[in-house]
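Asks: Got a predicted model here, sequence first, then my questions.
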Amino acid sequence: MTSAFEYKGYLGSAEINLTDDILHGKLMFIKDIITYAAHSPQALKTAFEEAVDDYLQTCAALGDEPNVPFKGTFNVRVGPERHRRAALVAANLQVSLNDVVVRALDAWLNKGGNQPQPVPVNLQLPESRTLVSSASPGQPSWETTRVH
């Protein structure tokens, strides 16, 4: 999901509820649940900014620290074998394990100029047919192959 709004370091979503004919969203990537709603995209943006301001003012009034969307640290679960291999690479390069992870993440994020990467999909269908796709998200390119 791509954020729709950004204000004072906070990101907010925008979704539509067709049943109620209303737009709504929430502050993303924080533990506190802060939502907003409106009837037009511009009004939703205003409601988002007001929600951020209200959240920050409420935290200040209560003496609480507001949640920060991105602190720059997060846990990664990689499994023992991948952990061992990454630690050996770090030791051989004489850098920290954190540096190896940052380099790997940078390489992955910059691969292809931030273009969506192909996601292979295989679906087994009745009559022994398989749909195979290696297209980028949002640009399907399906081929049908017969499995004998």
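Replies: Yep, that arrived.

Asks: wait, doesn't Val78 sit right on Ala86?
Replies: Yes - with contact defined as C-beta atoms under 8 Å, Val78 reaches Ala86; the gap is 7.1 Å. (Glycine included, C-beta is placed from N, CA and C.)

Asks: These two: which is more packed in?
Replies: Neighbour totals were compared for Val78 and Ala86, and Ala86 leads with 16 against 11 (other C-beta atoms under 10 Å).

Asks: so what's the more buried one closest to, chain neighbours aside?
Replies: Val100 (5.4 Å; C-beta to C-beta, 6 or more residues apart in numbering).

Asks: Which parts of the chain belong to which domain?
Replies: Per the record, the chain has its domains at 5-62, 80-114, 116-148, by automatic domain parsing.

Asks: Need the distance between the two termini of the first one.
Replies: By that I understand domain 5-62. Using C-alpha to C-alpha, to the nearest Å, the end-to-end distance of domain 5-62 comes to 26 Å.

Asks: from now on call the first residue 365
Replies: Got it, the first residue is 365 from now on, which makes the last one we talked about domain 369-426.

Asks: Mind checking what secondary structure Ala425 has?
Replies: Following DSSP: H, G, I helix; E, B strand; the rest coil, we place Ala425 in the helix state.
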